[in-house]
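> next come a sequence and a model predicted from it.
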Amino acid sequence: MAELPPVVARMWGREPASRRGPRPRLDLETITTAAIEIADAEGLAGVSMSSVAAQVGVAPMALYRYVGSKDELLTAMADSAVPPPPERGTLTWRDYLATWTRANRDFLLSRPWLLSVQALTPPMGPRRLYWLDRALDALGDTTLEDGEKFNAATALTGYALTDATLVHTMNAAGQKPDATGITGAADYGEVLAEVLDPQTYPALSAMMRSGLLRESEGWTEDADFLFGLNLLLDGIEALIARRASQPGG
């Protein structure tokens, strides 16, 4: 078996304990907690080995015993900042995955700095992998094959991340114009209606010229999240039904 990356071993408590010398003053949990506090207050731009070291009261070089680089620190942060997944209780697989996906999106929105970190770091720590396990467990009694269950959970995870990113971006644009001067979905729709050539983009141009985004909050509406979520869940449900109708299903 390949040797575990050092930061992953530490995330799982697999680092061999040293039997000599004084007890280490720091541990990975202390470091990641400090880094998360900085990210919550200042965003990822405020997180550096120097700022985290100052937060815990050590020299920056002292951190490298626990995290070999900022990328390793971000990997640990991406896991440590995640809350426990919702309990399933008596929910059906579909109701649970709907709750699970919403909770996934909501904790990302509560800590927007996680949006960029989780997009770059696959789940490797105990917290994020427990989320994945709970989704797979909900599909455990269905007729899906293991690969299909894994892909379904991955698709829902990606949807939560994409929707949270879009909601955060649109909310931020509504508070402060970006470099284009766009301040929300309505402005975005008007810009598209102006630049789109109906000959080249007939479907999209017609939608924007009809004022699709003019009188709404666009993608930030909860109904939009549910629309996309139900599309995915309908697809999973249809696949389960198809598998059940096959011989041996």
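On my side now, so go ahead.

> assign the residue lying closest to residue 91 once chain neighbours are set aside to helix, strand or coil.
Excluding its sequence neighbours, the residue lying closest to residue 91 (Cβ to Cβ, 6 or more residues apart in numbering) is residue 99, at 6.7 Å. C-beta here means a position set from N, CA and C on the backbone, and glycine is covered the same way. Of the three states, residue 99 takes helix under DSSP: H, G, I helix; E, B strand; the rest coil.

> element containing the closest residue to residue 120 other than its chain neighbours?
Spatial nearest neighbour of residue 120, excluding adjacent residues (Cβ to Cβ, 6+ apart): residue 74 at 7.5 Å. Using DSSP states H and E, residue 74 sits within helix 70-80.

> quick one: that helix to chain centroid distance?
Centroid separation for helix 70-80 versus its chain: 14 Å, with Cα atoms, centre = their mean, to the nearest Å.

> mind listing what's buried in it?
70, 72-80 (16 or more other Cβ atoms under 10 Å).

> likewise for stretch 78-95?
78-82, 85, 88, 93-94.

> and the furthest pair within those?
Spatially, the most separated pair among the buried residues of stretch 78-95 is 80 and 94, at 30.2 Å (Cβ to Cβ).

> mind listing the helices for the protein?
Applying DSSP state H to the chain gives helices spanning 6-11, 28-42, 49-56, 70-80, 93-110, 113-120, 126-138, 146-175, 185-195, 202-209, 222-245.

> in the protein, where is pLDDT below threshold?
Where the chain drops to pLDDT under 70, the residues are 1-2, 16-24, 173-184, 215-221, 248-249.

> could you redo the last one with a cut-off of 50?
218-220 (pLDDT under 50).

> kindly report the domain assignment for it.
6-80, 93-245 (automatic domain parsing).

> if I look at the residue nearest the centre of the chain, how far off is residue 70?
Centroid-nearest residue in the chain: residue 161, 4.2 Å away (criterion: Cα atoms, centre = their mean). Counting by Cβ to Cβ, to the nearest Å, the gap between residue 161 and residue 70 amounts to 21 Å.

> hang on, the earlier thing: ok, the residue nearest to the centre of the chain to residue 168 distance?
Using Cβ to Cβ, residue 161 is found at 11 Å from residue 168.
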